Every structure is written in structure tokens, then in C-alpha cells.
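S.K.: how would this look folded up:
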Amino acid sequence: MTTPSDPDPDIWLRNLFSAKAVGRGGVIQRSACDVERVVGRDAFLREVRRRGFTLVENGEQLVVFCNRDPVRLIVNRDPPTLSQRAWPSDRNAFLG
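M.R.: Okay, the predicted model is just below:
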């Protein structure tokens, strides 16, 4: 049995950011593992920044708000402790 190969990173990004939700200013989400495997976290962060969108990570999911509106946290549980995984290796790159 053969396993399908990963798509071309440029095509994957183009397809992701051409979704209807992106055009409507909505929300898209992808597994952090899939992003890392196909395009790499750094390339994904660069593309989100280039578009002026907001990216949040929750568990293993990356959620992109495809607009330039502010994001407010309405309900927050007790403040979590940030794990090492929550930050990229270069914190300055993440903070912009």
C-alpha cells in the first residue's frame, strides 16, 4: 500500500488561503502537525503576517482569523502556564 505524498507547500498555502472563509473575513483552522509537516511553522507564520491576519494556537490546532479586526478573549479559565510548545523557538519572530 502506498501513502500519498504531501502536497507542494506553495500549492497547499495557496489553496488554504483561497478558501471562501478567507474571502469573507472568517476563520480557518488547521492541525499544527499538518502545518509543520507540509509547509513548516515559520513559513506559515510569515504568510499569516503578510496577510495581516491573527493566528492563535489552542492545543494542536492553529486558528487563523482572516481579517484585521482585534481578537478579544471573552471567557478565560484560570491562567494557564505556557508550555515550551506554545512558543516557537524564536519568540521574537512570534511576537512580530
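S.K.: Tell me how many other residues surround the nearest residue to V27 once chain neighbours are set aside.
M.R.: The shortest distance from V27 to any residue other than its chain neighbours is 5.7 Å, reached at F65 (CB to CB, 6 or more residues apart in numbering). All C-beta spots, glycine's among them, are computed from the backbone N, C-alpha and C. If you count neighbours by other CB atoms under 10 Å, F65 ends up with 17.
S.K.: And stretch 69-81, how far out from the chain middle?
M.R.: Averaging C-alpha positions (CA atoms, centre = their mean, to the nearest Å) puts stretch 69-81 17 Å from its chain's average.
S.K.: contacts for that stretch?
M.R.: Surrounding stretch 69-81, the residues in contact under the criterion CB atoms under 8 Å, 6 or more residues apart in numbering are G25, T54, V56, F65.
S.K.: before we move on, what about stretch 59-67?
M.R.: By CB under 8 Å, 6+ apart, stretch 59-67 touches 17, 21-22, 24-33, 35, 44, 48, 51, 53-57, 71.
S.K.: Recalculate using a threshold of 6 Å.
M.R.: For stretch 59-67, the surrounding residues in contact (CB atoms under 6 Å, 6 or more residues apart in numbering) are 22, 25-32, 35, 48, 53-56, 71.
S.K.: Quick check, central residue of this structure?
M.R.: Among the residues of the chain, the one closest to the centroid is L62, at 4.1 Å (CA atoms, centre = their mean).
S.K.: what are the pairing partners of the helix or strand where that one lies, and which direction each?
M.R.: Assigned by DSSP states H and E, L62 belongs to strand 61-65. Using DSSP bridges, strand 61-65 pairs in its sheet with strand 27-31 (antiparallel), strand 54-58 (antiparallel).
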